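A.B. asks: Prediction below, plus the sequence it came from.
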Amino acid sequence: MDFILLLIPLLFSLQHVLVRVGSERSETLNGIYASLLVSTLMFSPSLLIPTLDSDFLLYMSVAGILQFFFARICLYYSISRIGANLASPLSSTRIFFASLMALLVGELLNLWIVINSILIFSGIFLLSKPAKGKERDLIGVSLALLTGFFACLSSYFIKFGNSIEYNPFFATFLGFALSTALLTPFMVGKSLRGTKPFVAGGIFGGVAHAIRYISLKDTPVTVVEPVTSSHPFFTLLITAAFLRKRETFSKRSIIGTILITTGIYLLLFLK
């Protein structure tokens with residue numbers, strides 16, 4: 001399962017890059033809605049095997065709204081303002097929120113998790129510094145940080161829901177469906193034209209979240225979150241290949257990705 005976890009950051013990176021492309025073709029809110037719609041449809045077959053336990057529904061509903069409504073809105077708007085290469089690493093601060101919250105739910109933090117978290121954060125710090133001559137967008141930065149907070153909090157509610165019954169696909173559907181319903185009133189009179197990149201991103205993100213829900217059954221949040229937080233490395237590679245003219249690259253970016261990657265692989269092999 002540890003190696004399957006690496007699909008999560010890769011898929012999230014593809015989603016972030018597609019959001020970057022989509023934000024130049026349509027309004028971000030329209031793109032968010034399009035991505036939620038396609039993700040909801042993807043997991044709608046899970047209605048054939050629902051879980052109707054009230055506690056399960058509560059935990060997974062909260063988890064889904066935190067991740068798919070609040071975190072997604074924050075992330076997509078952050079990417080549209082400051083770009084994927086900056087928003088992606090800043091949203092990876094979820095690992096530090098995870099480390100703090102672990103103490104509240106009884107998970108143990110060993111030395112390797114602490115050391116590897118420091119490596120990851122050091123890489124995030126280097127990746128997050130703006131290029132010379134550019135001003136930091138405080139709103140974009142704040143939205144990316146809020147993404148990390150909401151995403152991390154969501155993971156704990158997923159853990160609570162999984163402890164009641166293990167039904168990851170229905171749980172994922174529940175989160176997407178509720179988030180889509182919450183956003184629907186704001187979409188009156190709006191068009192979904194030009195949102196194809198967001199739709200594709202929604203598919204990649206939906207698969208990534210399904211793997212995340214499955215992984216959180218037996219894998220601690222303090223392991224899942226660091227692995228998920230490696231997505232800046234993949235984002236940097238993809239944007240370097242396809243969006244070089246739209247994103248900023250520097251030596252700090254290269255060093256930062258090396259630190260993050262080192263932290264992730266040490267966590268996988270030495271946890």
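C.D. replies: Sure thing, it's come through. Numbers count the residues shown, from 1 in each chain.
A.B. asks: shaky segments in the stretch 1-150 of the chain?
C.D. replies: Within the stretch 1-150 of the chain, the segments meeting pLDDT under 70 span 1-2, 95-96, 98-109, 127-136.
A.B. asks: just the helices in it please.
C.D. replies: 7-22, 28-43, 54-64, 72-82, 84-91, 94-105, 111-128, 138-164 (DSSP state H, counting those that start in this stretch).
A.B. asks: Of all the ones you listed, which one is nearest T180?
C.D. replies: Smallest distance to T180 across those (C-beta to C-beta): 4.3 Å, for helix 28-43. Using the backbone N, CA and C atoms, a C-beta is placed for each residue, glycine as well.
A.B. asks: now the angle from that closest one to helix 72-82?
C.D. replies: On the basis of axes from the mean of the first three to the mean of the last three C-alpha atoms, to 10 degrees, helix 28-43 is oriented at 140 degrees to helix 72-82.
A.B. asks: Go through helix 28-43 and flag the buried ones.
C.D. replies: For helix 28-43, the buried set under the neighbour-count rule, 16 or more other C-beta atoms under 10 Å, comprises 28-43.
A.B. asks: Could you check how far F56 is from I214?
C.D. replies: From F56 across to I214, the span is 15 Å (C-beta to C-beta, to the nearest Å).
A.B. asks: could you measure I120 against E225, distance?
C.D. replies: 10 Å.
A.B. asks: Please disregard the earlier target; I meant Y166.
C.D. replies: Distance, Y166 to E225, by C-beta to C-beta: 20 Å.
A.B. asks: Please apply the same query to P89.
C.D. replies: Distance check for P89 against E225: by C-beta to C-beta, it reads 14 Å.
A.B. asks: that older thread, what about Y166 and E225, which has more around it?
C.D. replies: It is E225, of Y166 and E225, that has more neighbours when counted by other C-beta atoms under 10 Å, with 28 against 15.
A.B. asks: Show me what the host helix or strand of the more buried one is packed against.
C.D. replies: If you go by DSSP states H and E, E225 is part of helix 221-228. Applying 3 or more C-beta pairs under 8 Å, 6 or more residues apart in numbering; DSSP states H and E, one finds that helix 221-228 makes contact with helix 7-22, helix 94-105, helix 111-128, helix 138-164, helix 196-215, helix 251-270.
A.B. asks: and the ones you listed, which is most packed in?
C.D. replies: Mean neighbour count (mean count of other C-beta atoms under 10 Å) peaks for helix 7-22 among the helices and strands packed on helix 221-228, with a mean of 24.
A.B. asks: can you dump the C-alpha coordinates of that helix into CSV?
C.D. replies: Coordinates of each C-alpha in helix 7-22 appear next as CSV, following Å, rounded to 0.1, in the frame of the first residue of the first chain:
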residue,chain,number,x,y,z
LEU,A,7,-0.1,7.8,-7.0
ILE,A,8,-1.8,10.3,-4.8
PRO,A,9,0.7,13.2,-5.2
LEU,A,10,1.2,12.4,-8.9
LEU,A,11,-2.5,12.6,-9.6
PHE,A,12,-2.9,15.7,-7.5
SER,A,13,-0.1,17.3,-9.5
LEU,A,14,-1.8,16.6,-12.7
GLN,A,15,-4.9,18.1,-11.3
HIS,A,16,-3.1,21.3,-10.2
VAL,A,17,-1.5,21.8,-13.6
LEU,A,18,-4.9,21.4,-15.4
VAL,A,19,-6.4,23.9,-13.0
ARG,A,20,-3.6,26.3,-13.9
VAL,A,21,-4.5,25.9,-17.6
GLY,A,22,-8.2,26.0,-17.0
